[in-house]
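# Take a look and give me a structure for this.
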Amino acid sequence: MQSIANPTLLSIGDKLAEKKTNIIVPDAYFSLLEDLRLLKSDENNPNKMTNNQKDLVWSSLQKYGWTYPIITNKDGVFADGEQRAQVCADHKEFFAPVLRLPVSDVDRRMLRQILNKLKGKHSKDLDAAEYMRIMEAGEKDCLKALLKSVGEKLPENFDSENENSNIVPGSYELIVDCKDEAEQQTFFEKLKSEGYKVRVLNL
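Here you go, the predicted model:
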């Protein structure tokens with residue numbers, strides 16, 4: 001098998017990806033396929049994964065494929081995806097889509113920090129609703145494994161092993177989309193004065 005040192009132009013219908021990897025590669029990423037063994041690490045990546053997290057990354061790649069590419073600078077030094085590349089190497093999968101960006105070394109490092117840190121703040125209420133949808137679709141074990149890998153667990157009322165237990169939170173809630181903080185305060189005071197149990201949720 002011939003290695004690809006730089007992105008090679010492939011037609012959308014080309015099945016070359018299937019010959020190089022067992023992981024699903026979207027048509028749009030075929031032209032970005034590279035040999036991961038030719039990429040470089042600066043050995044300073046602050047993002048480290050536990051073995052459990054690596055197992056989850058591998059399971060995700062097998063199930064969903066390459067949902068987004070590895071990102072490097074023009075010389076192939078990792079900016080994002082170094083852990084995914086290592087997980088693939090550990091499983092003898094050596095080809096993946098790689099997006100090479102013409103960025104300076106300091107911008108590559110900044111990009112790595114941004115992609116590692118800017119993940120947004122989760123709303124506990126919306127997280128709980130999402131957990132419920134995932135569990136109802138039969139993926140409770142996968143969800144629990146994911147949460148365990150990041151040091152979290154399902155809320156107690158969601159984690160009952162009793163199949164007949166009610167996992168739906170015992171409340172009905174309404175989210176009002178306000179145009180600004182002043183309008184949010186107005187709604188809050190009005191509903192509270194009418195006897196409703198109200199709390200502020202900033203998304």
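# so what's the residue lying closest to Asp90 once chain neighbours are set aside up against?
Nearest residue to Asp90 in three dimensions, chain neighbours excluded: Lys54, at 7.4 Å (Cβ to Cβ, 6 or more residues apart in numbering). All C-beta atoms are positioned from the backbone trio N, CA, C, and that covers glycine. Under the criterion of Cβ atoms under 8 Å, 6 or more residues apart in numbering, the contact list for Lys54 reads 83, 86-87, 90.
# For the longest strand along the chain, which residues meet the burial criterion?
Of all the segments assigned as strand in the chain under DSSP state E, the longest by residue count is strand 95-101. The neighbour-count check on strand 95-101 (16 or more other Cβ atoms under 10 Å) flags 95-100 as buried.
# before we move on, what about stretch 133-146?
Applying 16+ other Cβ under 10 Å to stretch 133-146 flags 135, 140, 142-144, 146 as buried.
# picking up where we left off before, please identify the one among the contacts of Lys54 that lies nearest to Lys40.
For these, the minimum distance to Lys40 (Cβ to Cβ) is 12.7 Å, reached by Gln86.
# SS state for the closest one?
Counting by DSSP: H, G, I helix; E, B strand; the rest coil, the backbone at Gln86 sits in helix.
# Likewise for Ile71?
strand.
# Same question for Val57.
Counting by three-state DSSP, the backbone at Val57 sits in helix.
# Leaving out the residues flanking it, which one is nearest to it?
Val87 (4.9 Å).
# before we move on, what about Leu36?
Ala85 (4.8 Å).
# Run through the residues that contact that neighbour.
Per Cβ under 8 Å, 6+ apart, neighbours of Ala85: 36, 39, 70, 78, 96.
# now it: how far from Leu39?
Ala85 sits 6 Å away from Leu39, going by Cβ to Cβ, to the nearest Å.
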